[in-house]
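Enquirer: what would the 3D arrangement of this be:
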Amino acid sequence: MEPTMAVLAALGLTLVGLGLPLWAGWVGPNRWYGLHTPRTLADPVVWRSANRIAGRDLAAGGAGLGLFALVGGAVGISTLWAWILALVPIGLAVLHTLWAVSAWLAEHDARASAELPHADSRIREAQRRAQAARRAKEER
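Expert: Here you go, the predicted structure:
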């Protein structure tokens, strides 16, 4: 195997190795490893879900890169094209991660807002409390 393809295959295996613990949910919020955004760091539920998606995509991108390196080595792709084409599985994994995490966050936010009391009922409750406080003050 050509050295360039060996490096790409090793990089692919490394990405798979980094993605699997995230995908399995073994990595909790930390400073060094995982998908770091203010939302993922603020909520452990969001951290686990977002990092499971990112880990799956990282492992898939690494597997794609490794497969590309094996096939590219067998076919004899030039070094320049090998590095250019190696960006395809990684780029697809990054794009899918961004899309999937944003879709999950939108669904998570929709579920969370549906569980909150309706704004009108909160306003009515505050008005009732204020009215009761005024009555109690007048009775004194």
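
Enquirer: residue contacts, the residue nearest in space to the middle of the chain?
Expert: Among the residues of the chain, residue 50 comes closest to the average C-alpha position under C-alpha atoms, centre = their mean, at 3.1 Å. Listed by C-beta atoms under 8 Å, 6 or more residues apart in numbering, the contact partners of residue 50 are 35, 37, 39-40, 101, 104-105. Where C-beta positions appear, they are placed from N, C-alpha and C, glycine not excepted.

Enquirer: likewise residue 93?
Expert: 57-58, 60-62, 64.

Enquirer: related to what we said a few turns ago, distance check, the residue nearest to the centre of the chain against residue 10.
Expert: As judged by C-beta to C-beta, to the nearest Å, residue 50 and residue 10 stand 27 Å apart.

Enquirer: over to residue 103?
Expert: Relative to residue 10, and taking C-beta to C-beta, residue 103 is found at 32 Å.

Enquirer: before we move on, back to that, select only the buried ones of the contacts of residue 50 in ChimeraX?
Expert: Those of the contacts of residue 50 that count as buried under 16 or more other C-beta atoms under 10 Å are selected in ChimeraX with:
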select :35,40,101,105
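
Enquirer: the contacts of residue 50: which two are farthest apart?
Expert: Spatially, the most separated pair among the contacts of residue 50 is 37 and 104, at 12.3 Å (C-beta to C-beta).

Enquirer: in three-state terms, label residue 46 for me.
Expert: Secondary structure for residue 46, judged by DSSP: H, G, I helix; E, B strand; the rest coil, is helix.

Enquirer: these two touch, right, it and residue 112?
Expert: No: applying C-beta atoms under 8 Å as the test, residue 46 and residue 112 come out as separate, 10.3 Å apart.
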